[in-house]
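1. Sequence plus predicted model, see below.
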Amino acid sequence: MQFRKTAIASLIAFPLALNGAAALAQHLTHIPNANPKIPGVTSPTILSPELAQIVRAQGSMPVENPTDAVTYYGYLNNQPNLLPALGSNVEASKTEPDKNTYLVLHGLRGADPNYDYGKRFLFQGHEAGAGAITRVNLDADVAHRVTVVATRDRNGAPLPSFDGSTWYPWSARLLFTNEFGGGTTGGVWQATLDFPAIVEDISGATGRGGYEGIQADSDGNIWMAEDIGGSTVAGARVPNSFIYRFIPKNKHDLGQGGKLQALQVMSKAHTGPIVFDGTNALTQDVKDLHTYGNVFDTAWVTIHDTAADGFTPFNANALAKTKLATPFKRPENGLFRPGSHFREFFFDETGDTSATTTAGSDFGGFGGVLELTQSSPSADAGKLTLFYKGDVVHTGFDNVAFWDEDRIVFVEDAGDGLHKDRNALDSAWMLDVRKNYADPSNQPVRIIAQGRDPSATIDSGLLGTPGFLNEGDNEITGIHVSDGDASPEGLLGAKIPRPFKDGWRVFYTSQHGDNLTYEIIRSPTREGDRDDDDHDDRG
């Protein structure tokens, strides 16, 4: 294929439809403002008026098969009360259900051998506390709505906390990532669909890393984004995380190992690649990476091959530095553009999550979105360019989902400190990959202004008190658009998404507070905007 000449020339401006009963596929209305952060005040979540949302599971919902550690969907069983008593800061630890993976499957069992669990399921790992994998049974009644499918691996070891998840159809395994512990205890686990699930740590092949986002391509390669915050030097974090690609020896059995590679980007400021510099967050290389119009040559460097190096778990982050791969400012997630035949990969950087970062926008302090373009998903080389440069209003990008072939949604995880500094809670932003965001007249569309539920409002007030166990403000996470197709043809990026049509569904989780998992639907007030070919197979 022809690579794009420049990041600017490749993005074609496309005006949104603005009037009347424009079809939802063409238009979502921009929400003018984020919800402010006001001490002691709750706020409702606001969605574009074309959208509405339904609670599919919430933290206080009892699971159908309680364990010693997990009794409720979003809480650990380590305190008698889910909410603190008046004057107390003691409450059960919140598990923070994270990245959602939606699948349509037949014949799955649960804790009740006589119950029909239906065929539509939403899987999550949990980011905090004792590790667990849960399954939200979307067709089930409340008593059977949430199943704990695993809390231990096949050897009986407790599962770690999980952040990312995806479905890997060739081996019929769910893949979960653990970012905590980085190159020491982070890694990738695979789980069967059985009840209970058989869970295996495959970090002997994929390495130990601060992995979060995980995504398969059409060749069966597994792409991973690493989120390890670097040291703070002169008021800004040093880039310290990598983009990885795992090439399995046998995609039908990931246990057979393979090659782990890391992305290398060639410098424009000097000869050779951009490499880790632990002493300076404000290098010319970092600035160049966050400058519109720059196009960089890239290569994949192999950092570990089980055929030669064996299966002993290894520190992927350290090896990526040794092999001269290129670090980024906390990349968290990435996806292939639908219709690109897995040749266009967009990934975000969270940045420093600080309003006072000395890196500012020009040195990636507020993160952004980069695009990697290759001739094929398994190509050894490609081109990298900045798609969107973050600022204090648009920052802390975390989970990502393509809404259709041209529009991509990033949700924020800015954190309580940045919420306070900018007086704004998190948002979900829709960007159009055809637009040129170097032109300030082009701006992202806010489609969700995250609110703050009563539990999160209480927690925000308790944050920082001695012994308090939980986070504060709500966070948007787990944004997911899928038709649930469990075949290789159903990989994210293989089909053009059609939200609310032909079985395509949209989910996200409002972490912290009440830990609510939502499905986004078409607003009932906009039913007149339906296209004639709409289909809904949910029954």
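-> Arrived safely, thanks for sending. Numbering: from 1, shown residues only.

2. Got the phi and psi for the closest residue to Glu471 other than its chain neighbours?
-> Leaving out its chain neighbours, the residue that sits closest to Glu471 by CB to CB, 6 or more residues apart in numbering is His512, at 4.5 Å. Placement of C-beta: from N, CA and C, glycine included. Dihedral pair for His512: phi 70, psi 180, per degrees, to the nearest 10.

3. Count the residues that sit near His512.
-> Residues lying near His512 (other CB atoms under 10 Å) number 26.

4. Could you list which residues are in contact with it?
-> His512 makes contact with Lys94, Glu96, Ser455, Ala456, Asp459, Asn470, Glu471, Gly472, Asp473, Asn474, Glu475, according to CB atoms under 8 Å, 6 or more residues apart in numbering.

5. Just say helix, strand or coil for the third one.
-> Put plainly, it is Ser455. helix (DSSP: H, G, I helix; E, B strand; the rest coil).

6. For burial, what's the neighbour tally of it?
-> If we define neighbours as other CB under 10 Å, then Ser455 has 24 of them.

7. Looks like Arg505 contacts Ile479 (just checking).
-> No. Applying CB atoms under 8 Å as the test, Arg505 and Ile479 come out as separate, 11.9 Å apart.

8. Next one, pLDDT for His27 please.
-> The pLDDT attached to His27 in the predicted structure is 88.

9. and it, what element?
-> For His27, there is no helix or strand it lies in under DSSP states H and E.

10. mind checking the end-to-end distance for stretch 30-41?
-> End-to-end distance of stretch 30-41 (CA to CA, to the nearest Å): 24 Å.

11. With stretch 473-493 instead?
-> 32 Å.

12. Please apply the same query to stretch 173-191.
-> 5 Å.

13. and what of stretch 27-47?
-> One end of stretch 27-47 to the other measures 13 Å (CA to CA).

14. Report the buried residues of that stretch.
-> Burial within stretch 27-47, assessed by neighbour count using 16 or more other CB atoms under 10 Å, is assigned to His27, Leu28, Thr29, Ile31, Ala34, Asn35, Lys37, Ser43, Thr45, Ile46, Leu47.

15. Spit out the contact partners of the third one.
-> In this case it means Thr29. Per CB under 8 Å, 6+ apart, neighbours of Thr29: Ser48, Pro49, Glu50, Val445.

16. which non-adjacent residue is nearest Lys251?
-> The shortest distance from Lys251 to any non-neighbouring residue, by CB to CB, 6+ apart, is to Gly220 (3.4 Å).

17. pLDDT wise, what is the residue nearest the centre of the chain at?
-> Nearest residue to the geometric centre of the chain (CA atoms, centre = their mean): Asn399, 2.8 Å. Looking at Asn399, its pLDDT is 96.

18. And it, how far from Ser43?
-> Distance of Asn399 to Ser43, given as CB to CB, to the nearest Å: 21 Å.

19. likewise Phe180?
-> For Phe180, the distance to Ser43 equals 30 Å [CB to CB].

20. what pLDDT, on average, does stretch 313-326 get?
-> The model assigns stretch 313-326 a mean pLDDT of 97.

21. hang on, the earlier thing: was I right about the residue nearest to Lys251 contacting Arg245?
-> No. Between Gly220 and Arg245 there is no contact under CB under 8 Å: 11.1 Å.

22. Look at the two and report which has more neighbours.
-> Gly220 (22 against 19).

23. What confidence value was assigned to the more buried one?
-> 98.

24. which ones are touching it?
-> Trp170, Pro248, Lys251.

25. Name the member of the residues you listed with the most neighbours.
-> The most crowded member of these, judged by other CB under 10 Å, is Pro248 (25 neighbours).

26. Mind listing residues that contact the lengthiest strand in the chain?
-> Among the segments of the chain that qualify as a strand by DSSP state E, the longest is strand 295-305. Identification of contacts with strand 295-305 by CB under 8 Å, 6+ apart yields 3-7, 207, 245, 258-266, 268, 273, 288-289, 314, 316, 319-320, 322-325, 372, 380-385.

27. gap between the closest residue to Val400 other than its chain neighbours and Asn89?
-> Distances taken as CB to CB, 6+ apart place Asn333 nearest to Val400, at 4.7 Å, with adjacent residues excluded. Per CB to CB, Asn333 is found 32 Å from Asn89.

28. So these two - more neighbours on which side?
-> Counted by other CB under 10 Å, Asn333 and Asn89 do not tie: Asn333 has more neighbours, with 27 against 18.

29. Three-state assignment for the more buried one, please.
-> Strictly by three-state DSSP, Asn333 counts as strand.

30. so what's it up against?
-> By CB under 8 Å, 6+ apart, the contact list for Asn333 reads Gly164, Glu212, Gly213, Ala225, Phe347, Asp348, Asp398, Asn399, Val400.

31. go with 7 Å
-> Taking CB atoms under 7 Å, 6 or more residues apart in numbering, we find Asn333 in contact with Glu212, Gly213, Ala225, Phe347, Asp348, Asp398, Asn399, Val400.
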